[in-house]
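# here you go, sequence then predicted model.
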Amino acid sequence: MTATVPAPAARRVFGVLGKKAVVPWLFLAPGLLLALVFKFWPMAKGIWLSFFDVRPFLGDQWIGLDNYTRVLADHRFQDAIGHTLVLGLGQSLGAILLGFALALLLEGQARSLKILRTAVFLPAVTATAVVGELWRLMYYPTSDGLLNSGLHLLGLGPVQFLDNPDIALYSTMAMGIWIWAPYNMVILLAGLAGVDRSLYEAAAMDGVSLWQRLRYITLPAIRPALMIVLTLATIRGLRVFTEVYVLTGGGPAGSTDVWMTRAYTLGFTRNDIGGASAASVVLLCVTLLLTVMVNYLRKRGEAR
Amino acid sequence: MRDRRRSRRPAALLAAAALAFGTAACGSGSGSARNDDPNTLEVWTRSNPDPAATYERVFAAFTKKTGIKIDYQPVINFDQQLQSRASTKDLPDVMINDTALMGSYQGQGLLKPIDPASIAGHDQITGKTWSSTVGIDGKHYGIPYSRQAQTLMIRKDWLQKLGLKAPTTWQEMLSVAKAFATEDPDGDGKADTYGMVVPGSAQNGYAAWWGASFLWQGGAQIIEPDGKGTYRAAMDSAAAVHTVTWMKDNLFCGDNGVTQPGALTAVTSTATNFQDGNAGMYMTGPYNIATFDTTPGKDKYEVVPAPAGPAGADVLADGENIYFGARTGKTKQEQALAAFLISPEGQKLAMTGKNQPVVRIPVNSTLDAAKVRDDARWSVVQKAYEDASQQFPNAPDFAPIKQDTADALNAIFTYCGGDVRSQLGELNETLAGDLKDQDLLT
Amino acid sequence: MSAPVIDPVRPTAPDTPAGRSTKAQRTTPARFDTALGWNDKPSLAWALRILLCLIALAVFAAPFLTIFSGAFTPNPSGSSLSFLPHDSTLLNFKVAGERGIWDYLGNSLVIAGGGLLLQLVVCTLAAYALARHRFRGQALIMMLFMMTLMLPEEVIAIPLSLVLGDVPVVHLDLKGTVWGVILPLGAWGFSVMMLTEFMRDIPTEIEEAARLDGVGELRMLWQVVLPLCKPALGVAGVLGFIMIWDQYLLPLIAAKDPTDYTVTVALSILRTDPEVGSGVVLAGAVIALIPSLIVYLLLQRSLVTGIAAGATKG
C-alpha cells in the first residue's frame, strides 16, 4: 500500500501534518475503500430506493415517505414487531448465556476437550438450511419425533412444536440459541484465553470463592469478548431472519413472522422493492440507535 | 480547516493506491456480457444446472438449424438479476419463465407485445392455451411453452390392501384419507401413516397454490374479471366460504392423520411424506413423477385425475411462457427462436433426454405427452390440463394476491375456532386493496 | 492464515505453545488454567464436568449423527430420524458428484481461501488503526464498519449487482471472476470490531517500549500487536471462513455462469431438485461442512492457547 504513495507528496503531507496523522488513514484505507465500493454505495442506493415506487425499466417514481407509511401501517408488520423483539431478545440472551456456560465448561488444553469443542461447534459450521431441516425432524409432531419420543417416555403427549401458533416462536428460539451458542462460545473462549493466569493463582492464595473469582477476575478480564458478543447480539437480534425462514417460513398463521421475513415477502414474493427497502431502512435506524446506546452505556461504564 | 485537509489528502492517496491494486488484481476482467451481434440472442431461463443442460441441447439444435447463435444464461435468482439488468435498460432478448409472472413483468414494461400470427406454427397451440397469455390491455405478452396441471398421486398398493378404489369425489377422498390414516395400510402394526400430503405454509404462497384446485372444484374464484378490463375480489362468495369451511373442518380441524403432521408449516421441499412412504395421497404437479418412481416406486402408486368437488374437477394449471424483452430490436430472430421452441421438434427435444425435461405438457397440440415420453400416466396429466384446468389470472400482477390468499388460508386452517366467513371477508378487503394498487379494481 | 514465524521484539513474551507449556505449567498448576479452576483429579466437580460435557455433546453434536447416517443411506426418510445408516452406501455422494458438487467445492475453496486472506489483512490493518491510534472521526469510522453488518444483504443485492458489473471509477466487470465474490467480503465489520476490541486491551507499555526501540508501524503491528492477540485472530479466521463459506446471494449475483457457483449454492440447488432425494442433499451437506470443520480444527489452538501469564498485563 505504502509503496504507491508518491514520494514528494508524502513528504509534504508528513511535513505539514506530521506522520502521525496520516498513518491511521493509511491503515484504514483498504477496508474503507472496499466497504465504500461494495457496501456503502449499494447501501446508499438501497436507502434511496426506499423513497421510490421502484420500476427499474420504466423509471422509478418518487413517492416520498409513502413506502414508509405503508409498511408502518401494515398490521402484519406491526404484529411482527412483537415477535421480533421476543425472538431477538430471547435468542440473543439465551445464546450468550449458553455460550458462556459452554466456554467455561470446555476451557482447557486436554485433547478430549479439543474434540469436544469441535463437536459442539458443529451447529455453527453447518448450512442453516440443513440445520432447519434437522430441527424440523427433531420437532416432528408425532411420538415418532425425536423430542416427542423423549416426552412420550415421560408420559407427555406429542407437542405440536411448529404447528401450534402459541409454541412455534419458542421452538424457533430454541433452534436459534442452539445455532448461536457455539458461535458465542468461540469468541468467549478467545477472551478466556487472554486472562492472566497469575491472577487466578493470587486469588487462590487469598482464598476467594469461585463466584468471586468469576465476578472480579474473569468477567472484567474478558470484557472485550463480552462487548463483542453483546454488540453482535444487538446488531443481529432484530435482524433475525434465516432461522425463521428455514424452520417455519413465518407460519403458522404468521405466528413466527418477524420484521425481516415480512420485508423479504414484500420484496421477493410481492415484487415491492421500494417497500422492502423502506422496511429495511427502518430496521437499520433502530439497530443503529440501539448500537449507539450500547456503546454509550459502555463508555459510561468504563468511565466509572 | 486544518483538520479537514488532513483527512482529504490521505483520501486522494488511497484512491491512487486502490486504483493500482484494483487494476493489478482484476486486469483480466472480461468485457461486457451484452452481445450486440444481431445474429446472437441472449436467452435467460430460471433453471438449475441440470435442466439448463436440456435447454442447452434445445438451443444447440436451433443454432444448427437456423444459424442464429444463442448466448444462454440459466439464472437462479431470476427476478433479482432481471431487475438489475432492467435498471441498465438493457434486457435479455428472450426469457422463459413462469406464466404467473406475466402480469408483473408487463406492468413493469419489461415485455414486448406479441402477435400470435407472427410466430410460425402458432395455430398448433390451442386457443385455450393462447388465451392464458393475454395481458390487461388485450394484447398477448407471452408465447406458451410448457404447461402442467395438478393430478392426484395415490398409493396403489395401499388401496388394494384396504380394498378401496381411487377416489373420484371429495367425500370419497376424505374416506380414503381416513382409511389410510387408521387402517394401517403399510402393515407395520403402527399408526404412522397419513391420508394426504399438504404443503400448507404461507411461505411463497404455497397454501394458495395447493388450495387453488379445491377452490376451483368448489366453484370459487380468488379474483374475477368483470368483462371491462378490471377485476373484483371474489373470496367472500358463498362458494368460497363453503369450500374453505369444508377444507378446514375436514382436512385440518377434523380427524387426526387426514393430512400429514406439520402440514401448516410445510413447503413442497419439506413435505416429503409421499416419498417417505407414510402418506398415501398428494395433489401435485407431474414434475414429481420422476422422484416418486424412485421412492416409493413406480409400481406402488398411480396418477389419477383430481377428485371432483361440488362444482367439478378443475385443477390448477400453470407452466412457462416465452417472453420477449422490451426494446431489444432483434424481433425476427426472436420469432424464429419462439417458432422453433413451440414446434414439435423443439418441444420433443425439451421433453426427453437424460437431464430433467423442461417441457411437461407440450403446448403444441399435435404432440401427445404420453407418446413422446412413452408413459401412459402423462395422458392423465394432459387430459386434466386440456379438459379440467384453470390457471391463476395472469394478466394482473398476481403475486401479491396469491401471497395474501395464502396468508389468510394458512391462518384459517391454523385457528380452528375462527369464523371462516368473517376471515374470508377480511381477505377479500385485502385483495380489493391489492387490485386497487394496480388500478384494476372494478 | 499463513502462519508466519513471528519473532517477538520482546523475548519476554513467550507466546508459543512450547514456551507456554514449559514455563507456565511448571509454575502454575492446572487448576489455575481455567476460569472455573477445573481439576484433572477425580472428584465431585470432575464427575460433574464429565456429566455436563456429555449433555453438551448430546445436545449439540448428536443430531448430526442423523445427517451423517442419512448421507450414507440409500433413501433416508425425510420424516423420521435414525442415528445409524440402514445399509451404508456411497451412492448419494456419487449422485452429488454427478451434479457437479466437487467443481463447486473447488470454487468455494478458492473463494474462501482468497477471501479470508484478504479479509484478515484488511480487517487487521483497520483494527490496528482504530485500536492503537487516536484520530478525529474514530468513533464514526467504527460505526461505519458496524453498519456494514446492519443492512440486510437482500436490500443491497440489486445495487451491488450493478456495482459488480461495472465497478465505479475503474469500470471493471467483476462478474464471472472470483474477485466478484472476494472483494465485497474484504471489509467485514465483525472482524474489524473484534480485532479492535482485543487490540485495545494490549497495554500501552509494551508498545511504547517497542517504539523507543525505533520499531515502525508495520513491524509494530506484525511483531508486537498481532502475536498478543492470537486468540482474536483465530476467532476472526474461523468465523470469517464460515461467513464466507455460507455466502449464498453474493456468489449468485457475481456468477455469470452456473460453473461459477459455490458449494453453498449447490446445496440449495440440490434441495430444490425434484430428482434427487434427501440422501443426496445430506451428502452435499456433509461435503460442505467438512472444510469449515478442518479450518476450525487448525485454528483451534490459537483460540485457547492464551498468552502466557503476566506477559500482557505488564
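Sure, I can see it. What you see is a predicted model, and the numbers here were worked out from it, not measured in a lab.
# for chain A, see how far away C:Ala254 is.
As judged by CB to the nearest CB, to the nearest Å, C:Ala254 and chain A stand 11 Å apart. For glycine as for every other residue, the C-beta is placed from the backbone atoms N, C-alpha and C.
# got the contact list for that residue?
C:Leu164, C:Leu174, C:Lys175, C:Gly176, C:Thr177, C:Gly180, C:Val181, C:Asp260 (CB atoms under 8 Å, 6 or more residues apart in numbering or on different chains).
# the fourth one falls within a strand, correct?
Looking back up the chat, that one is C:Gly176. No: secondary structure assignment places C:Gly176 outside any strand; it is coil (DSSP: H, G, I helix; E, B strand; the rest coil).
# how near is it to C:Gly165?
10 Å (CB to CB, to the nearest Å).
# related to what we said a few turns ago, what's the closest of the contacts of C:Ala254 to chain A?
C:Leu164 (8.1 Å; CB to the nearest CB).
# what helix or strand is that closest one located in?
helix C:153-165 (DSSP states H and E).
# which helices and strands does that helix pack with?
Secondary-structure packing of helix C:153-165 (3 or more CB pairs under 8 Å, 6 or more residues apart in numbering or on different chains; DSSP states H and E): helix A:41-49, helix A:259-264, helix A:273-303, helix B:78-86, helix C:249-254.
# which of the ones you listed sits closest to B:Asn394?
The minimum distance between B:Asn394 and these falls on helix B:78-86, with 15.8 Å, by CB to CB.
# what sits against residue 35?
No chain specified, so I'll use chain A. Going by CB under 8 Å, 6+ apart, A:Ala35 touches C:Leu144, C:Phe145, C:Thr148, C:Ala187.
# actually, chain C is the one I wanted.
So C:Ala35 contacts A:Leu104, A:Glu107, A:Leu192, A:Val195, A:Tyr200, A:Arg213, A:Leu214, A:Ile217, A:Thr218 (CB under 8 Å, 6+ apart).
# quick check: it vs A:Ile96, distance?
16 Å.
# tell me which residues touch the nearest residue to C:Leu174 once chain neighbours are set aside, please.
Once flanking residues are discounted, C:Leu174 sits nearest to C:Gly180: 3.8 Å by CB to CB, 6 or more residues apart in numbering or on different chains. Neighbouring residues of C:Gly180 by CB under 8 Å, 6+ apart: C:Leu164, C:Leu174, C:Ile253, C:Ala254.
# and what of B:Gln391?
B:Thr99, B:Ser132, B:Leu316, B:Ala317, B:Asp318.
# which of the residues you listed sit farthest apart?
Among these, B:Ser132 and B:Leu316 lie farthest apart (CB to CB), at 12.3 Å.
# among the contacts of C:Ala254, who's most crowded?
Sorting the contacts of C:Ala254 by how many neighbours each has (other CB atoms under 10 Å in any protein chain shown) puts C:Gly180 first, at 29 neighbours.
# now it: which helix or strand?
Assigned by DSSP H and E, C:Gly180 falls in helix C:179-182.
# for that helix, the distance to its chain's centre please.
With CA atoms, centre = their mean, to the nearest Å as the basis, helix C:179-182 stands 18 Å off its chain's centre.
# and the residue in the stretch 251-400 of chain B that chain C sits nearest to, how many neighbours?
Shortest the stretch 251-400 of chain B-to-chain C distance, computed as CB to the nearest CB: residue-wise this is B:Thr272, at 3.5 Å. For B:Thr272, the neighbour count with other CB under 10 Å is 23.
# what do you get for C:Ala232?
For C:Ala232, using other CB under 10 Å, the count is 30.
# does it belong to a helix, a strand or coil?
Taking three-state DSSP, the label given to C:Ala232 is helix.
# for it, give me its contacts.
A:Ala190, A:Pro224, C:Met194, C:Leu195, C:Glu197, C:Phe198, C:Met199.
# who's in contact with the closest residue in space to it that isn't next to it in sequence?
Leaving aside its sequence neighbours, C:Ala232 sits nearest to C:Phe198 (CB to CB, 6+ apart; 3.6 Å). C:Phe198 is in contact with A:Ala190, A:Gly194, A:Pro224, A:Ala225, C:Ala131, C:Cys229, C:Pro231, C:Ala232, counting by CB under 8 Å, 6+ apart.
# show me where pLDDT drops low in the chain?
Answering for chain A, as no chain was given. Applying pLDDT under 70 to chain A flags the ranges A:1-19, A:303-304.
# that's the wrong chain, I meant chain B
In chain B (pLDDT under 70), the answer is B:1-36.
# okay, now the domains of it?
B:40-149+B:317-391, B:151-316+B:396-437 (automatic domain parsing).
# what about the residue of the stretch 51-200 of chain B found nearest chain C, how many neighbours?
Going by CB to the nearest CB, chain C is nearest to B:Ser84 of the stretch 51-200 of chain B, at 3.9 Å. B:Ser84 has 21 neighbours, counted by other CB under 10 Å.
# for C:Leu160, see how far away it is.
Relative to C:Leu160, B:Ser84 is positioned 9 Å away (criterion: CB to CB).
# distance between stretch A:70-85 and the chain's centre?
The answer for stretch A:70-85 is 20 Å, by CA atoms, centre = their mean.
# check whether it comes near chain C.
No: figure legend: stretch A:70-85 not in contact with chain C (CB under 8 Å from any CB of the partner chain); closest approach 12.9 Å.
# what are the buried residues along that stretch?
Under the neighbour-count criterion of 16 or more other CB atoms under 10 Å in any protein chain shown, stretch A:70-85 has A:Arg70, A:Val71, A:Arg76, A:Phe77, A:Ala80, A:His83, A:Thr84 buried.
# in this structure the fourth one contacts A:Ser280, no?
No: if you go by CB atoms under 8 Å, A:Phe77 and A:Ser280 don't touch, sitting 11.9 Å apart.
# surely the residue of the stretch 51-200 of chain B closest to chain C meets C:Gly165?
Yes: the pair B:Ser84 / C:Gly165 is scored as a contact, 7.5 Å apart, by CB under 8 Å.
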